[in-house]
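Trainee: any chance you can model this:
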Amino acid sequence: MKRDLYFSSPYLNVAGVLGFEPARYLRQENSLNLGAFVTNPLSLRSRKPANLPKILEYTGGFLLHSGLPNPGLDAALKRYTRKWADSPVPVIPHLMADRPEETARMTRRLESVENVMAVELGFAPGLSDDILRYALQMSLGELPIIVNLPLEQVLGLGTRLVQDGAVAISLAAPRGALFNDGKLISGRMYGPGLLPRSFEIVHAAARLGLPVIGACGVYSMADARMMIELGALAVQFDTALWMPLPLSPN
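Mentor: Have a look, this model is predicted:
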């Protein structure tokens, strides 16, 4: 029987910013009241970091190139299953879903893990719409599926994915590239400069009746509240959660 998706608080984290262990973040003095904890991206097999991980600043934010390192699903479950079960907030594993058959295997494994609320599927750039739709189809089962899409795909492909069974669409960090030491480095973009575009997408999605989880450029509680007012069912904070001080109310 498929489970419902309900957040006790509309505030979540973006995959990739808080690791795999909810308690490590939640015991911080100024931690956000999360409605769910989204894990770092997980693949079926382990992945090493990029050869030269980089954080490159630009006006309005920064670009992160990491390679999405992770221990692989089996190792993660051995290490974190009990910690997820004991977490005071539910857990949403983020799966790297480029290979639909492997994604289905991971989703089936997670259906029996205590306190897992849903699964979020993320994808490498450049995949066809058919692969994304097939990955979703293969993953449908007991757990609600959230699909993480680039901003430019939310209103088109996102609508079809919800029709296919996704419970919501979350906004993925846009990708870009910067020169560093004469080499072009690509990666994900973060920073408050992304907020106007995110507001536009959330507003348009809500007008279409698309269940959307806002993200990208949210660096204050005021930003998050505005996204909720625009129609987001929840909001994901990214690198704002790395700041040592509480999130600004403004």
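Trainee: all strands of this protein, in order?
Mentor: Along the chain, the stretches classed as strands by DSSP state E are 11-13, 37-42, 54-58, 61-65, 91-96, 119-122, 145-150, 168-172, 175-180, 183-190, 212-214, 234-237.
Trainee: so of those, which one's packed in deepest?
Mentor: Ranked by mean neighbour count under mean count of other Cβ atoms under 10 Å, these are led by strand 212-214, which reaches a mean of 28. In short, each C-beta sits where N, CA and C put it, glycine included.
Trainee: got the contact list for that strand?
Mentor: With Cβ atoms under 8 Å, 6 or more residues apart in numbering as the test, strand 212-214 has contacts from 12, 146, 154, 158, 168-171, 198, 201-202, 205-206, 224, 227-228, 230-236.
Trainee: and the strands of the chain as CSV, adding distance to S31?
Mentor: Output for those, formatted as CSV (distance: least, Cβ to Cβ, whole Å):
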stretch, distance to S31
strand 11-13, 10
strand 37-42, 10
strand 54-58, 23
strand 61-65, 22
strand 91-96, 15
strand 119-122, 20
strand 145-150, 22
strand 168-172, 21
strand 175-180, 29
strand 183-190, 19
strand 212-214, 19
strand 234-237, 11
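Trainee: could you dump these to a markdown table with mean pLDDT and distance to V113?
Mentor: Formatted as a markdown table, the strands of the chain follow (pLDDT from 0 to 100; distance: least, Cβ to Cβ, whole Å):
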| stretch | mean pLDDT | distance to V113 |
| --- | --- | --- |
| strand 11-13 | 98 | 18 |
| strand 37-42 | 98 | 11 |
| strand 54-58 | 88 | 32 |
| strand 61-65 | 88 | 28 |
| strand 91-96 | 98 | 8 |
| strand 119-122 | 99 | 10 |
| strand 145-150 | 98 | 15 |
| strand 168-172 | 98 | 20 |
| strand 175-180 | 92 | 30 |
| strand 183-190 | 90 | 27 |
| strand 212-214 | 98 | 21 |
| strand 234-237 | 98 | 21 |
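Trainee: and the residue lying closest to V113 once chain neighbours are set aside, how far is that from L184?
Mentor: Closest residue to V113 apart from its sequence neighbours, by Cβ to Cβ, 6 or more residues apart in numbering: T81 at 5.8 Å. In this view, T81 and L184 are 40 Å apart by Cβ to Cβ, to the nearest Å.
Trainee: can you check G60 too?
Mentor: 19 Å.
Trainee: ranges for the helices of the protein?
Mentor: 22-26, 73-86, 100-110, 129-139, 157-164, 195-207, 221-230 (DSSP state H).
Trainee: for the second one, buried residues please.
Mentor: Within helix 73-86, the residues scored as buried using 16 or more other Cβ atoms under 10 Å are 73, 76-77, 80-81, 84.
Trainee: with the last one instead?
Mentor: Buried positions in helix 221-230, judged by neighbour count with 16+ other Cβ under 10 Å: 221, 223-224, 226-227, 230.
Trainee: ok, the shortest one next?
Mentor: Within helix 22-26, the residues that qualify as buried by neighbour count (16+ other Cβ under 10 Å) are 22, 25-26.
Trainee: export it as PDB, just CAs?
Mentor: Provided in PDB are the C-alpha atoms of helix 22-26 (Å, rounded to 0.1, in the frame of the first residue of the first chain):
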ATOM      1  CA  PRO A  22      20.000  13.500  10.800                       C
ATOM      2  CA  ALA A  23      21.100  13.600  14.500                       C
ATOM      3  CA  ARG A  24      24.400  15.200  13.600                       C
ATOM      4  CA  TYR A  25      22.600  18.200  12.300                       C
ATOM      5  CA  LEU A  26      19.600  18.300  14.600                       C
END
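Trainee: average model confidence for it?
Mentor: For helix 22-26, mean pLDDT rounds to 95.
Trainee: that one - contacts with which helices or strands?
Mentor: strand 37-42, helix 73-86 (3 or more Cβ pairs under 8 Å, 6 or more residues apart in numbering; DSSP states H and E).
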